[in-house]
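Q: Structure for this input, please:
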Amino acid sequence: MFSQVSRSHFNRFFTIKHCARLTQMPVNLSSNAIPAILAGDTNSKPLLQVLEIKLLGTSQERYRLILSDSVSTQQTMLATQLNDRVKTGAVQNGSVVQLIEYICSTVQNRKIIVVLNMETIIPQCEIIGNPNMPTESDTISSHNPLSNGISSTRPNPTNTTNNNTQTYRPTVQPPYQPPPVYKPHGAITKNEAPPRIIPISVLNPYQGRWAIKARVTAKGDLRRYNNAKGDGKVFSFDLLDSDSGEIRVTCFNSVVDKFYDTIEVGKVYVISKGSLKPAKKNFNHLKNEWEIFLESSSTIDLCPDEDSSIPQQQFSFKPISEIETLENNSIIDIIGIVTSVNPSVPILRKNGMETQRRILTLKDQSNKSIEVTLWGEFCNREGQTLQELVNSGLTPVLAVKSGKVNDFTGKSITTLSSTQLFIDPESSESNTLRIWSNTSGKNTTPQSLSRETGSKTETRKTISQIKDQGLGRSEKPDWVSIKATLIFIKTDNFCYTACPLTIGDRKCSKKVTKSGESKWQCERCNAEFEECDYRYLLQCQIQDHTGLTWVTAFQECGEEILGCPAKDLYVMKYEQGDDDGFGELVKSRLFAEVVFKLKIKEEMYGEEQRVKITAVKVDKVDYGSDTKFLLDSIKMR
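A: Numbering: from 1, shown residues only. Here you go, the predicted model:
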């Protein structure tokens, strides 16, 4: 039997000998590197060996590695941007790698190393040293597919008779170690050292201390909400870094007070501390599976020097023609030539507050056009500027960042609190549009996705055609427009009492009931409140030259029809008892010729299938456009 010293010499000789056969160069792993990393040393750049690679069965493709320093081993998570190293074979079982950037995190009382960047020093090599294998069930494979026929099992010195191994002492050149980078942070203790700035793309919940440097590209409005847990406030902002990584940051309540006034769009900040949670894709359109939630211990520091490596904005434009096939509520970026801008008009929102609405039209080289609806301050800022430019005979370019697709009346785009508008931006897309608009696009008439002639989902029909053609009886609803006269409105139960609470970014609006003398109760929200909302639920009879039909009109359409909020009419009829005034107001709205945009769908009522016709928009007749439509219809015949 060999002595322990002889065994060690033999193992070292065997390892170096076979590494030399495979790589033609000697190698030593960094001694005690893994214990040092677990103790908090993340500044060195150690050489380690890959003992095992395992693809984890998670929603996102991630690889777990077992690394060795020739004695100790440790489980390691590979950052997703390094996945290609495994797929291309640059990192294999047996590879010797040098860690460039990495962090050590504690997850469920276990230490895990997360590798952010590394280099492969030796693509394939036999196992170096006598690493202590992990005690958990996941052990390294006994087969190394990259050994080129060399056994991947360790040599057994007791079966070897080569006595030269007892005296041979090979000269092994130490691996290259880059000099440490020292930064003048001053005299600070180890625990007070600032966290390393990392790319947004590598952020994940496994990390303990992190910092990112990024530009604010969008800042949402401060919103207040009320739910079963009480009142609160929230705002979000979007970040973009020099590696084109994007992520949304959200603040609640006291954190809002701390950071809301600090954040400015276009500024660059270093942000650290906070929790990462899965992004809610219904409200977050950014290409990142995580979202940062800041806490009271979080820090946001303004970078006084402008960082030119971080773009001002990042777009992912879609041609207008592609919007026709997108799902409702999709969030997209578009760019186009502004061809028309309507005046801003006041609109009563669902919460009873008044806001502004302005509609404009965009066209692009796909020979399609689409309506863009601006809400709130967009109407007075960018909307007013665009109207002045168009009235002056100019054709400005408008880029819309994060607009929402709406499919109620054909396709349209509407602004959100996180939407951004850029007039005549300096970009290649903008320059291409200007050239097209001034040449071949100057005299073209694009097909609208938002009007009757532009979408297969919304066409002009008569009342008799709705019945004769069996509209609404297919799997999907039919969307049509009808020019008709409003001849009757049912005035009993013309509105209902609704929940005023907000769920997410929308009103609950479910019907509520009286609870005691002065309170209202919502079963959905399980909450009581002093005042409720009043929402329209009108049953209207309309008539054209072919017949009569009944139409249901909800809140916004009810306001368009009767010209005032539902609460005003409720107070007039039931609290003030002014039946005459109520009746006169309703009569004054009858016999007006309007264009109804209708949704027609068969629904189940008890055990009976009935076709339900719902008004989604009510417009006054534009006789110029209506005459053109009739003339076009005659030409088609």
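Q: how about the helices in the protein?
A: Listed in chain order, the helices of the chain (DSSP state H) span 4-23, 33-38, 83-87, 254-259, 377-378, 384-391, 428-438, 463-468, 555-562, 566-570, 579-588, 623-636.
Q: Compare the mean pLDDT across those helices and name the weakest.
A: With a mean of 40, helix 4-23 has the lowest mean pLDDT of those.
Q: Kindly reformat the helices of the chain as CSV containing mean neighbour count.
A: In short, each C-beta sits where N, CA and C put it, glycine included. CSV is the format used below for the helices of the chain (neighbours: other Cβ atoms under 10 Å):
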stretch, mean neighbour count
helix 4-23, 17
helix 33-38, 19
helix 83-87, 15
helix 254-259, 16
helix 377-378, 18
helix 384-391, 16
helix 428-438, 15
helix 463-468, 16
helix 555-562, 21
helix 566-570, 19
helix 579-588, 13
helix 623-636, 10
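Q: For residue 202, find the nearest of the ones you listed.
A: helix 83-87 (11.8 Å; Cβ to Cβ).
Q: Do you know the pLDDT at residue 548?
A: 94.
Q: So which bits of stretch 435-453 are buried?
A: By neighbour count on 16 or more other Cβ atoms under 10 Å, the buried set for stretch 435-453 is 436, 437, 441, 446, 447, 448, 449, 450, 451, 452.
Q: Switch those residues over to JSON lines; also include distance to residue 199.
A: Converted to JSON lines, these look like this (distance: Cβ to Cβ, whole Å):
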{"residue": "436", "distance to residue 199": "37"}
{"residue": "437", "distance to residue 199": "38"}
{"residue": "441", "distance to residue 199": "40"}
{"residue": "446", "distance to residue 199": "41"}
{"residue": "447", "distance to residue 199": "43"}
{"residue": "448", "distance to residue 199": "42"}
{"residue": "449", "distance to residue 199": "38"}
{"residue": "450", "distance to residue 199": "40"}
{"residue": "451", "distance to residue 199": "45"}
{"residue": "452", "distance to residue 199": "49"}
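Q: what's the most distant pair in those residues?
A: 436 and 452 (26.2 Å).
Q: Using JSON lines, lay out the helices of the chain together with distance to residue 270.
A: JSON lines is the format used below for the helices of the chain (distance: least, Cβ to Cβ, whole Å):
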{"stretch": "helix 4-23", "distance to residue 270": "41"}
{"stretch": "helix 33-38", "distance to residue 270": "25"}
{"stretch": "helix 83-87", "distance to residue 270": "28"}
{"stretch": "helix 254-259", "distance to residue 270": "13"}
{"stretch": "helix 377-378", "distance to residue 270": "30"}
{"stretch": "helix 384-391", "distance to residue 270": "34"}
{"stretch": "helix 428-438", "distance to residue 270": "31"}
{"stretch": "helix 463-468", "distance to residue 270": "61"}
{"stretch": "helix 555-562", "distance to residue 270": "44"}
{"stretch": "helix 566-570", "distance to residue 270": "49"}
{"stretch": "helix 579-588", "distance to residue 270": "59"}
{"stretch": "helix 623-636", "distance to residue 270": "54"}
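Q: Looking at those helices, spot the one closest to residue 324.
A: Nearest to residue 324, of all these, is helix 428-438, at 19.5 Å by Cβ to Cβ.
Q: For that closest one, name the packing helices and strands.
A: Judged by 3 or more Cβ pairs under 8 Å, 6 or more residues apart in numbering; DSSP states H and E, helix 428-438 is in contact with strand 331-341, strand 397-406.
Q: can we see that at 6 Å?
A: Contacts defined by 3 or more Cβ pairs under 6 Å, 6 or more residues apart in numbering; DSSP states H and E place helix 428-438 against strand 331-341.
Q: Show me what the mean pLDDT comes to for the strand it packs on.
A: 92.
Q: packing partners for it?
A: strand 354-363, helix 384-391, strand 397-406, helix 428-438.
Q: next one: the last one to chain centre, how far?
A: Looking back up the chat, that one is helix 428-438. Offset of helix 428-438 from its chain centre (Cα atoms, centre = their mean, to the nearest Å): 29 Å.
Q: Report the central residue of the chain.
A: residue 285 (2.0 Å; Cα atoms, centre = their mean).
Q: For that one, which residues are in contact?
A: Contacts for residue 285 were tallied using Cβ atoms under 6 Å, 6 or more residues apart in numbering; they are 331, 402.
Q: mind redoing it with 10 Å?
A: Neighbouring residues of residue 285 by Cβ atoms under 10 Å, 6 or more residues apart in numbering: 238, 246, 248, 279, 316, 330-333, 401-404, 416, 418.
Q: Out of the residues you listed, who's the most crowded?
A: Among these, the one with the most neighbours (other Cβ atoms under 10 Å) is residue 403, at 27 neighbours.
Q: Spatially nearest residue to it, not counting backbone neighbours?
A: Excluding the flanking residues, the one nearest residue 403 by Cβ to Cβ, 6 or more residues apart in numbering is residue 413, at 4.1 Å.
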